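>>> sequence plus predicted model, see below.
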2 protein chains.
Amino acid sequence: MDATLELVLERGFGGTAVTDIEAAAGLSPGSGSFYRHFRSKREVFEAVFERELDRARRHRTGFERGPVGGAAEAALTRRLLEQLDYLAAIRPLIMLLAREHGRFPELTARVREALLDGGIADEAAHLARDLDGAPGDEPLRDDPHAVTAVVVSALTGYHLSREFFGRPPAGVAPERFAAALAALLAARND
Amino acid sequence: MDATLELVLERGFGGTAVTDIEAAAGLSPGSGSFYRHFRSKREVFEAVFERELDRARRHRTGFERGPVGGAAEAALTRRLLEQLDYLAAIRPLIMLLAREHGRFPELTARVREALLDGGIADEAAHLARDLDGAPGDEPLRDDPHAVTAVVVSALTGYHLSREFFGRPPAGVAPERFAAALAALLAARND
DNA sequence: GTCTATAAAATGATAGAC
DNA sequence: GTCTATCATTTTATAGAC
């Protein structure tokens, strides 16, 4: 499964032959030994996908929660970096979706359910709520769902830009990026 | 070439047979008529990629420029929507990169040069500059490159989330998204 | 659980008639 | 510029020995 994941991320499902998987897994290429473990190429792909989905679900626990007190902006920055780390951790799942959502349309809904509905968007919403709950702040005068969308988009965009282009947007490192985003968010209730 | 683009975006290069391309182009499948137009499958892929790269380059002209005056936030919102439209227009190029940058590593630098170095990042930088030059504003007290990175990330992230997940983050429509981002940017010099 | 051997189909590509 | 026909290779998958 590790060999399959690596090859599919590099060449795609259609560009990966069972022979390649056997070779990468240390089996004799073309021997058909693969078929003692999985009944078809599709089956191993689905197994890999399920494994990565499970990993992603298990990974999202223990995020910091609660009102952002004291040095609000620094705390915010820390949480945003945490979310970037999460995205990095579930990289395989995101890349599997990016590569094969055309051939396996069912991936879309499954990843969305695991990531968006209960993942970053959730965290970003908490974040926005926590921020608004900070002592001394007035209630929101802007659109909280839209702010959540901006935060989620910025985080995923930053991650994907690094993945696809091999470097972060404008060459800005994660810490600088998170600090700038936190500053924008903190200033919005001034 | 149209048939090839569509098939490659859906199934990937390795998952698209020359036979499929022939069928989609209205030729007799398996006839080899494809080879009267291109010498190999790789060649048609490269032709498609170059065509989309060219289209993307030609498309980015006529963006609004200059100091954001008057209703600064509304003007900003308009420009951000313009950038989202641009991303939608060059969708094929972005998706080709997302799908095949593993198999054709040379795509990365070429798309980056066309999009990031002279594209959105450039526009975002102008945007930040124009915003700071607005009459009555004080000079920037934050990190302009990092703010640019946030804007680029937010725009690309919003676009890619819609592509990969089939819906915008938090269900927020483009207008709401752009308005929220503009509000965050406009508030940062208060 | 791996190997050799092999079958059946799909795939990339060419030759030559129309 | 398309078709029929064809070929060599690659690919998916199975059978059976060890």
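Structure's in. What do you need?
>>> isn't residue A:145 up against residue B:173?
No. Residue A:145 is beyond contact range of residue B:173, at 10.4 Å (criterion: Cβ atoms under 8 Å). (Glycine included, C-beta is placed from N, CA and C.)
>>> which of the two has more neighbours?
Neighbours were counted for residue A:145 and for residue B:173 using other Cβ atoms under 10 Å in any protein chain shown; residue A:145 has more, 19 against 11.
>>> grab the nearest non-local neighbour of the more buried one.
Spatially, and ignoring its direct neighbours in sequence, residue A:145 is nearest to residue B:170 (5.1 Å; Cβ to Cβ, 6 or more residues apart in numbering or on different chains).
>>> now do the same for the one you found: its pLDDT.
Looking at residue B:170, its pLDDT reads 88.
>>> so how far is DNA strand C from it?
40 Å (Cβ to the nearest atom of the strand, to the nearest Å).
>>> what's the burial count for that residue?
22.
>>> now do residue A:32
Using other Cβ under 10 Å, residue A:32 is surrounded by 11 other residues.
>>> now the residue nearest to residue A:145: how far from residue A:148?
5 Å (Cβ to Cβ, to the nearest Å).
>>> again, but for residue A:162
Counting by Cβ to Cβ, the gap from residue A:162 to residue A:148 is 22 Å.
>>> comparing those two, which residue is more hemmed in?
Each of residue A:162 and residue A:148 has its neighbours counted (other Cβ under 10 Å); residue A:148 has more, 25 against 18.
>>> ok, then the element right after the helix or strand hosting that one?
Using DSSP states H and E, the element containing residue A:148 is helix A:144-165. Where DSSP H and E defines the elements, the next helix or strand beyond helix A:144-165 is helix A:174-187.
>>> what are the buried residues along that next one?
Of the residues in helix A:174-187, A:174, A:176-187 count as buried by neighbour count, 16 or more other Cβ atoms under 10 Å in any protein chain shown.
>>> tell me the one of the residues you listed nearest DNA strand D?
Using Cβ to the nearest atom of the strand, residue A:174 comes nearest to DNA strand D of the buried residues of helix A:174-187, at 37.9 Å.
>>> what distance do you get for the residue nearest to the closest one when sequence neighbours are not counted to residue A:17?
Among residues not flanking residue A:174 along the chain, residue A:84 sits closest, at 5.5 Å (Cβ to Cβ, 6+ apart). To residue A:17, residue A:84 is 35 Å away according to Cβ to Cβ.
>>> again, but for residue A:145
46 Å.
>>> ok, now residue A:165?
From residue A:165 to residue A:17 the distance is 29 Å (Cβ to Cβ).
>>> neighbour count winner among those two?
Using other Cβ under 10 Å, the more surrounded residue of residue A:165 and residue A:17 is residue A:165, with 19 against 15.
>>> got the contact list for stretch A:158-177?
The set of residues external to stretch A:158-177 that reach it, using Cβ atoms under 8 Å, 6 or more residues apart in numbering or on different chains, is A:77, A:81, A:84, A:87-88, A:91, A:94-95, A:98, A:157, A:180, B:97-98, B:101, B:108, B:111-112, B:116, B:121, B:124-125, B:143, B:145-146, B:148-150, B:152-153, B:156-157, B:160.
>>> buried members of those residues into ChimeraX, please.
Restricted to buried positions by 16+ other Cβ under 10 Å, the ChimeraX selection for these reads:
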select /A:77,81,84,87,94,95,98,157,180 /B:97,98,101,108,111,112,116,121,124,125,143,145,146,148,149,150,152,153,156,157,160
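>>> list phi and psi for residue A:30.
phi 80, psi 0 (degrees, to the nearest 10).
>>> burial count for it?
12.
>>> can you give me the pLDDT of it?
In this model, residue A:30 carries a pLDDT of 96.
>>> now do the buried residues in the helix or strand where residue A:81 lies.
Following DSSP H and E, one finds residue A:81 within helix A:72-89. Using 16+ other Cβ under 10 Å as the test for burial, helix A:72-89 gives A:72-73, A:75-77, A:79-81, A:83-84, A:86-87.
>>> okay, now the domains of chain A?
Chain A is divided into the following domains under automatic domain parsing: A:1-37, A:50-187.
>>> in the shortest one, what's buried?
Read that as domain A:1-37. Buried-residue list, domain A:1-37, by 16+ other Cβ under 10 Å: A:1, A:3-5, A:7-16, A:18, A:20-23, A:25, A:27, A:34.
>>> tell me who's in contact with residue A:142.
Applying Cβ under 8 Å, 6+ apart to residue A:142 gives the contacts A:188, B:180, B:183.
>>> hang on, the earlier thing: just send the domains of chain A back as CSV, with distance to residue B:57 too.
Shown next, in CSV, are those (distance: least, Cβ to Cβ, whole Å):
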stretch, distance to residue B:57
domain A:1-37, 27
domain A:50-187, 17
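>>> what's the least confident stretch among these?
domain A:50-187 (a mean of 85).
>>> that domain and DNA strand D, are they touching?
No. Using Cβ under 7 Å from any atom of the strand, we find that domain A:50-187 stays clear of DNA strand D, coming within 12.7 Å at best.
>>> check the offset of that domain from the chain's centre.
8 Å (Cα atoms, centre = their mean, to the nearest Å).
>>> over to stretch A:45-59?
Put simply, stretch A:45-59 sits 13 Å off its chain's centre (Cα atoms, centre = their mean).
>>> restricting to C-alpha, output it in PDB.
Written as PDB, here are the backbone C-alpha positions of stretch A:45-59 (Å, rounded to 0.1, in the frame of the first residue of the first chain):
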ATOM      1  CA  PHE A  45      -6.300   2.100  -4.500                       C
ATOM      2  CA  GLU A  46      -9.500   2.000  -2.400                       C
ATOM      3  CA  ALA A  47      -7.600   0.400   0.500                       C
ATOM      4  CA  VAL A  48      -5.000   3.100   0.300                       C
ATOM      5  CA  PHE A  49      -7.600   5.800   0.200                       C
ATOM      6  CA  GLU A  50      -9.500   4.400   3.200                       C
ATOM      7  CA  ARG A  51      -6.400   4.200   5.200                       C
ATOM      8  CA  GLU A  52      -5.500   7.800   4.500                       C
ATOM      9  CA  LEU A  53      -9.000   8.900   5.300                       C
ATOM     10  CA  ASP A  54      -8.800   7.100   8.600                       C
ATOM     11  CA  ARG A  55      -5.400   8.700   9.400                       C
ATOM     12  CA  ALA A  56      -6.800  12.100   8.600                       C
ATOM     13  CA  ARG A  57      -9.800  11.600  10.900                       C
ATOM     14  CA  ARG A  58      -7.600  10.300  13.700                       C
ATOM     15  CA  HIS A  59      -5.200  13.200  13.300                       C
END
